[in-house]
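In: Mind looking at a prediction? Sequence and model below.
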Amino acid sequence: MHIEQGDDVAKFWLEPVELESSYGFSAKEINQIRKLVVEYQVTLLQAWHGYFN
């Protein structure tokens, strides 16, 4: 999953939830994003599989 805000970018794997890379986001922002990815992991995976399968 890619997250972009302005010039800041981050990439998380969804299964398991893991930060792949980030540029520009602070550690606090990455932690907040990670919490959201964990919270919505099932929904995000369903959307991923629905789109690509």
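Out: Yep, that arrived.
In: Would you list the phi and psi of the spatially most central residue of the chain?
Out: Nearest to the geometric centre of the chain sits residue 12, at 4.1 Å (C-alpha atoms, centre = their mean). Main-chain dihedrals, residue 12, degrees, to the nearest 10: phi -120, psi 140.
In: can you pull the contacts of it?
Out: Shown in contact with residue 12 (C-beta atoms under 8 Å, 6 or more residues apart in numbering): 1, 3, 18-20, 33-34, 37. Quick note: C-beta positions are derived from backbone N, CA and C, even for glycine.
In: and the nearest residue to residue 25 once chain neighbours are set aside, how far is that from residue 14?
Out: Using C-beta to C-beta, 6 or more residues apart in numbering and skipping residues adjacent in sequence, the residue nearest residue 25 is residue 8, 4.8 Å away. Residue 8 sits 20 Å away from residue 14, going by C-beta to C-beta, to the nearest Å.
In: try residue 46
Out: 10 Å.
In: ditto for residue 30
Out: Residue 30 is 16 Å from residue 14, by C-beta to C-beta.
In: Just the CA trace of the helix or strand harbouring residue 51, in CSV.
Out: Assessed by DSSP states H and E, residue 51 sits inside helix 41-52. Output in CSV follows, covering the C-alpha atoms of helix 41-52 (Å, rounded to 0.1, in the frame of the first residue of the first chain):
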residue,chain,number,x,y,z
GLN,A,41,-6.1,-4.2,7.4
VAL,A,42,-9.1,-6.5,6.6
THR,A,43,-10.9,-3.9,4.6
LEU,A,44,-7.7,-2.9,2.7
LEU,A,45,-7.0,-6.6,1.9
GLN,A,46,-10.6,-7.1,0.7
ALA,A,47,-10.3,-4.1,-1.6
TRP,A,48,-6.9,-5.2,-2.8
HIS,A,49,-8.2,-8.7,-3.7
GLY,A,50,-11.4,-7.4,-5.2
TYR,A,51,-9.5,-5.1,-7.5
PHE,A,52,-6.7,-7.5,-8.5
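In: In terms of secondary structure, what does it contact?
Out: Here helix 41-52 touches strand 8-14, going by 3 or more C-beta pairs under 8 Å, 6 or more residues apart in numbering; DSSP states H and E.
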